[in-house]
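Engineer: need the 3D shape of this:
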Amino acid sequence: TCNILYVDDDLAAGKALSALLAEKKGFQLRHTQLGGEALDFANQERFHIVLCKDMLPDLPGQMVLRSIQQQSGDVVAVLFSGPGPRGSAHLVEGSREIPLLPNLANVEQIATKLDDLWTVQKGRGQERRYLAVFRQKHGDFLKRYAEVRRKYDLLKSEGS
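Structural biologist: Numbers count the residues shown, from 1 in each chain. Okay, the predicted model is just below:
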């Protein structure tokens, strides 16, 4: 099950997205209207995808997403404005914003992108598991490499 946190002060948009996801299997939505409440939920539950409006009544959406990403590095974070005539959605990765939906007119567009976002999130989880296994198997090699690299950098700086 993909746990989604939807942060938007528009109650009607939250209900519409919830109704759309009720038709899809494998998605569970938690809707909140405030950024502070979203941060509380993120402390209590693990979310795979966080969809956050850029302008919330209490906090900036970017701040909410950054806080959640610091807690859970593998969360897929989406910052959006709208939906409406000038609406858009961006995938937030660190300090970068990657256009996801340049013309976000309605919540249905977000619902159609959720399958793709869930695929991205599952890929990140798999990548983390592979890295953990690699580190476990080759930890000694990585430590020796770091030590040799440090010595090399030291000798290089002394020779300059």
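
Engineer: state the mean pLDDT of the biggest helix by length in the chain.
Structural biologist: Across the chain, the longest stretch assigned as helix under DSSP state H is helix 107-159. Mean per-residue pLDDT for helix 107-159: 84.

Engineer: cool, stretch 75-93 as well?
Structural biologist: When pLDDT is averaged along stretch 75-93, the result is 89.

Engineer: heads up, I number from 895, so please use that
Structural biologist: New numbering, starting at 895: the last item is stretch 969-987.

Engineer: buried set for that stretch?
Structural biologist: 969-974, 976-977, 981-986 (16 or more other Cβ atoms under 10 Å). (Glycine included, C-beta is placed from N, CA and C.)

Engineer: rewinding a little: helices or strands up against the longest helix of the chain?
Structural biologist: For helix 1001-1053, the helices and strands in contact under the criterion 3 or more Cβ pairs under 8 Å, 6 or more residues apart in numbering; DSSP states H and E are strand 896-901, helix 905-917, strand 943-947, strand 970-975, strand 982-987, strand 990-995.

Engineer: at 6 Å instead, please
Structural biologist: Taking 3 or more Cβ pairs under 6 Å, 6 or more residues apart in numbering; DSSP states H and E as contact, the helices and strands that helix 1001-1053 lies on are helix 905-917, strand 970-975.

Engineer: quick one: list the elements packing against the shortest one.
Structural biologist: Spelled out, it's strand 970-975. Packing partners of strand 970-975 (3+ Cβ pairs under 6 Å, 6+ apart): strand 943-947, helix 955-965, strand 982-987, helix 1001-1053.

Engineer: winner for burial among these?
Structural biologist: strand 943-947 (a mean of 25; mean count of other Cβ atoms under 10 Å).
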